[in-house]
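[1] With the sequence up front, the predicted model follows.
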Amino acid sequence: MANDVQERMAYRPEEAARALGCSRDTIFKLLASGQLRGWHIGAARLISGDEIRRFIREREEEAGADDSE
């Protein structure tokens, strides 16, 4: 799946949920809270592959900080 995220420019929430292994509802909650950033094109909500990678990287850094305590 990592290669798929690198190759894609943007994802719909359902696709981002599959890439992150979470639910569509979780994606919408993350978008609403600002933890994950997206935009609209018409009625379509999109999240960039770069944004998904940033989100993962920050979660990994948080997990690493928690492990070192």
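    Okay, I see it.
[2] Only C-alpha atoms from now on, for both contacts and neighbour counts.
    Will do.
[3] And the strands in this structure, which stretches?
    10-11, 39-41, 44-48 (DSSP state E).
[4] Export those strands to JSON lines and append columns for distance to residue 61, mean pLDDT and mean neighbour count.
    As requested, the strands of the chain are exported to JSON lines (distance: least, CA to CA, whole Å; pLDDT from 0 to 100; neighbours: other CA atoms under 10 Å):
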{"stretch": "strand 10-11", "distance to residue 61": "23", "mean pLDDT": "96", "mean neighbour count": "20"}
{"stretch": "strand 39-41", "distance to residue 61": "25", "mean pLDDT": "96", "mean neighbour count": "9"}
{"stretch": "strand 44-48", "distance to residue 61": "20", "mean pLDDT": "97", "mean neighbour count": "17"}
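[5] any chance of the ones you listed in a markdown table, with distance to residue 30 too?
    Below are those laid out as a markdown table (distance: least, CA to CA, whole Å):
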| stretch | distance to residue 30 |
| --- | --- |
| strand 10-11 | 14 |
| strand 39-41 | 13 |
| strand 44-48 | 11 |
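[6] mind checking which of those strands is nearest residue 27?
    For the strands of the chain, the distance to residue 27 is smallest for strand 44-48, at 9.8 Å, taking CA to CA.
[7] Check which helices and strands the closest one is in contact with.
    If you count contacts as 3 or more CA pairs under 8 Å, 6 or more residues apart in numbering; DSSP states H and E, strand 44-48 packs onto strand 10-11, helix 13-20, strand 39-41.
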